[in-house]
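1. Whatever this is, show me its structure:
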Amino acid sequence: MLIYDNIEKIEKLEAVIVENLRQADSCDLSRESLMAHWVAYRTDMPSALGALRDLKEIIARKEAEESLDGECAGAI
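-> Sure thing, here's the model as predicted:
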């Protein structure tokens with residue numbers, strides 16, 4: 001069983017990541033020491049967001065297949 005086994009949980013996490021990315025884009029980078037962290041965050045988080053969206057798609061497909069399997073079993 002996955003920790004994020006339903007689409008609603010993934011969508012909530014996705015929304016948090018998107019909002020954090022928006023905030024990172026408007027952050028004050030006048031302190032040079034923050035620049036390396038910002039670059040790493042802006043590089044890694046879109047990849048993580050993509051993986052999350054892929055997981056959401058896989059779960060949606062799995063749920064659709066299970067729904068079809070249930071309908072087909074009931075028809076027999």
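2. make it CA atoms for all contacts and neighbour counts henceforth
-> Will do.
3. Spatially central residue in this structure, please.
-> With distances taken as C-alpha atoms, centre = their mean, the chain has residue 52 as the residue nearest its mean C-alpha position (2.9 Å).
4. ok, that one to residue 26 distance?
-> Noted for residue 52: a distance of 23 Å to residue 26, by C-alpha to C-alpha, to the nearest Å.
5. quick check: mean pLDDT across the lengthiest helix in the chain?
-> Counting residues, the longest helix found in the chain (DSSP state H) is helix 32-75. On average, the pLDDT along helix 32-75 is 85.
6. circling back: you'd agree the residue nearest to the centre of the chain is up against residue 15?
-> No. Taking contacts as C-alpha atoms under 8 Å, residue 52 lies outside contact range of residue 15: 10.9 Å.
7. Now do the shared contacts for the two.
-> Contact with both residue 52 and residue 15 is made by no residue, according to C-alpha atoms under 8 Å, 6 or more residues apart in numbering.
8. tell me which element residue 24 falls in.
-> Element membership of residue 24 [criterion: DSSP states H and E] is helix 7-25.
9. between that helix and helix 32-75, how many degrees?
-> Taking axes from the mean of the first three to the mean of the last three C-alpha atoms, to 10 degrees, one finds that helix 7-25 is oriented at 160 degrees with respect to helix 32-75.
10. Please tell me how far residue 16 sits from residue 40.
-> From residue 16 across to residue 40, the span is 18 Å (C-alpha to C-alpha).
11. Then residue 46?
-> 11 Å.
12. And the helix holding residue 24, what does it pack against?
-> If you count contacts as 3 or more C-alpha pairs under 8 Å, 6 or more residues apart in numbering; DSSP states H and E, helix 7-25 packs onto helix 32-75.
13. Please point out which parts of the helix holding residue 24 sit buried.
-> Taking 16 or more other C-alpha atoms under 10 Å as the basis for neighbour counts, the residues of helix 7-25 that come out buried are 7, 10, 14, 17, 21.
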